[in-house]
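Trainee: pasted the sequence and its predicted model underneath.
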Amino acid sequence: MKIKELRNLSNEELIQKEAGLKEELHKLNGQRYGARVEKPHLFKICKRDIARIKTILKEAKIKDKK
């Protein structure tokens, strides 16, 4: 997901999106150990999206303190 798209979401939506991505990453890890992963590039995509969301939430938190 693009950073511009994420910045347009509210904090609650970002938190829900992060939870969904973490769940998806957990399922991918289960596939890794249980069987063969069909799309291994999804690990990288999920991790990057989670990091982007955390960055945006952190920026919003800092902005609110000022």
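Mentor: That came in fine, so what should we check first? Numbering: from 1, shown residues only.
Trainee: distance check, Gln31 against Thr55.
Mentor: The gap separating Gln31 from Thr55 is 27 Å, by Cβ to Cβ, to the nearest Å. The C-beta positions use only the backbone N, C-alpha and C, and glycine is treated the same way.
Trainee: correction: Asn11
Mentor: Noted for Asn11: a distance of 13 Å to Thr55, by Cβ to Cβ.
Trainee: now the helices for the chain?
Mentor: If DSSP state H is used as the criterion, the helices of the chain fall at 3-7, 11-34, 41-65.
Trainee: of all residues in this structure, which one is nearest the centre?
Mentor: Ile50 (2.4 Å; Cα atoms, centre = their mean).
Trainee: without its sequence neighbours, what residue ends up closest to that residue?
Mentor: Distances taken as Cβ to Cβ, 6 or more residues apart in numbering place Leu21 nearest to Ile50, at 5.1 Å, with adjacent residues excluded.
Trainee: and if you look at Glu38?
Mentor: In this structure, Glu38 finds its nearest non-sequential neighbour in Gln31, 8.0 Å apart by Cβ to Cβ, 6+ apart.
Trainee: and the pLDDT for the one you found?
Mentor: Listed pLDDT for Gln31 reads 89.
Trainee: just give me the neighbour total for Cys46.
Mentor: 19 (other Cβ atoms under 10 Å).
Trainee: contacting residues for it?
Mentor: Leu21, Glu24, Leu25, Leu28 (Cβ atoms under 8 Å, 6 or more residues apart in numbering).
Trainee: show me the shaky parts of the protein.
Mentor: Scanning the chain for pLDDT under 70 picks out nothing.
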